[in-house]
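Peer 1: dropping a prediction and its sequence here:
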Amino acid sequence: MCTKSRDYNGINLFCAQVGLWIFGAVLKVDAVSAAILGLSVLLTTGVVTWKECLGEAVAWDTLTWFAALIAMAGYLNKFGLISWFSENVVKVSKLHLDGQASGNALLEIVLSCRG
């Protein structure tokens, strides 16, 4: 069972964390740094224990997959796939085809550019 002081510390730290996230651009603190700082302070003050953090397996799994997807999206953009794909989607959308025909046309574009 949590003590009242631990609860109040958690509430105060949560409000400070949200404030740092909201005003991060003004304070020149990015969201990742704010999150790591917030977790560090919560662990240091004893509001959250490391055992409690490790018990959240679903959250860690989500974080891992989200990080991988963000990294993959960044590299796809860096290598130009996003701009290439969007240009081809615009070409297909200008043909004024129905859903099935535009999907087939897009598939044809992707397959023809593959080789």
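Peer 2: All right, it came through fine.
Peer 1: and residue 54, backbone torsions?
Peer 2: Here is the backbone geometry of residue 54 (degrees, to the nearest 10): phi -70, psi -20.
Peer 1: okay, now the closest residue to it other than its chain neighbours: neighbour count?
Peer 2: Leaving aside its sequence neighbours, residue 54 sits nearest to residue 60 (Cβ to Cβ, 6 or more residues apart in numbering; 7.9 Å). Any C-beta I mention is one placed from the backbone N, CA and C, and that applies to glycine too. Residues lying near residue 60 (other Cβ atoms under 10 Å) number 12.
Peer 1: quick check: which element contains residue 60?
Peer 2: Assessed by DSSP states H and E, residue 60 sits inside helix 57-78.
Peer 1: so the helix or strand immediately after that helix in the chain versus helix 57-78, what angle?
Peer 2: The C-terminal neighbour of helix 57-78 among helices and strands, as given by DSSP H and E, is helix 81-93. Helix 81-93 runs at 70 degrees relative to helix 57-78, counting by axes from the mean of the first three to the mean of the last three Cα atoms, to 10 degrees.
Peer 1: ok, back up a step: could you list every helix and strand in contact with the helix holding residue 60?
Peer 2: helix 81-93 (3 or more Cβ pairs under 8 Å, 6 or more residues apart in numbering; DSSP states H and E).
Peer 1: helices or strands next to the helix it packs on in the packing?
Peer 2: helix 57-78, helix 99-114.
Peer 1: from residue 73, how far off is the most centrally placed residue in the chain?
Peer 2: For the chain, the residue nearest the mean C-alpha position is residue 66 (5.5 Å; Cα atoms, centre = their mean). Per Cβ to Cβ, to the nearest Å, residue 66 is found 11 Å from residue 73.
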